[in-house]
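Peer 1: When you get a sec, could you give me coordinates for this:
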Amino acid sequence: MDKGTDVSAEFFRGYNAVLEAGEKAGIKVYYGAELRFDENNNDYLLLGFEKEFLNDTDNIFKMGICEFSVIAKEMGALIIQAHPYRTGCFPADPSCLDGVEAYNMNVRHNNYNEKAVEFARKNNLLMLAGSDCHRPEDIGTSGIYTETLPEDSFSYAELIRTRKFMLGL
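Peer 2: Predicted structure coming up:
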């Protein structure tokens, strides 16, 4: 999501379209957001939040990750740093994070996943796997396996928080 984006009109329009398609196909769809603050080129995944939380993106992006994380964590959201070792990115202060995308399986980038795993383990952070899916060939390269299917975005975030899942690579 870029600075100045009207979240309710643009971001959730896309989510609602995917939700409708998912319902028709029998696929559960959860909302979340990928954020980038003005302070650098790091990307962060936000899970388990009320949609209205992102209505003021201009001010949110000015905060930076650590200031934002205080507010997000107070409301129960999870903050996961995406691909922390990709060229142009670096690991954020671990006290501002809940987890790290330890395995980013996008084939067009060297994400230095080994370093991300080491960073997560050293700082006792949650570890997730993602495909960074922007093209058809990216579909299904990684994700998570769970015993139960969360009902909504909040229960999805809670599942991640409890670590009751396995990484699928």
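
Peer 1: Checking the residue nearest the centre of the chain next. Helix, strand or coil?
Peer 2: The centre of the chain sits closest to residue 45, judged by Cα atoms, centre = their mean, with a distance of 2.2 Å. Reduced to three states with DSSP: H, G, I helix; E, B strand; the rest coil, the structure at residue 45 is strand.

Peer 1: Same check on residue 160?
Peer 2: Once three-state DSSP is applied, residue 160 turns out helix.

Peer 1: residue contacts, it?
Peer 2: 47, 78, 80, 99, 126, 128, 144 (Cβ atoms under 8 Å, 6 or more residues apart in numbering). Where C-beta positions appear, they are placed from N, C-alpha and C, glycine not excepted.

Peer 1: From residue 18, how far off is it?
Peer 2: Distance, residue 160 to residue 18, by Cβ to Cβ, to the nearest Å: 20 Å.

Peer 1: which residues in the chain form strands?
Peer 2: 32-35, 43-47, 78-82, 99-104, 126-130, 143-145, 166-168 (DSSP state E).

Peer 1: Any idea which of those gets closest to residue 14?
Peer 2: strand 32-35 (11.1 Å; Cβ to Cβ).

Peer 1: Quick check: closest non-adjacent residue to the residue nearest to the centre of the chain.
Peer 2: Once flanking residues are discounted, residue 45 sits nearest to residue 80: 4.2 Å by Cβ to Cβ, 6 or more residues apart in numbering.

Peer 1: Any buried residues in stretch 47-59, and which?
Peer 2: Under the neighbour-count criterion of 16 or more other Cβ atoms under 10 Å, stretch 47-59 has 47, 48, 49, 54, 57 buried.

Peer 1: ok, of these, which one's closest to residue 13?
Peer 2: Among the buried residues of stretch 47-59, and counting by Cβ to Cβ, the member closest to residue 13 is residue 54, at 13.5 Å.

Peer 1: any idea how far residue 85 is from that closest one?
Peer 2: Separation of residue 54 from residue 85 (Cβ to Cβ) stands at 26 Å.
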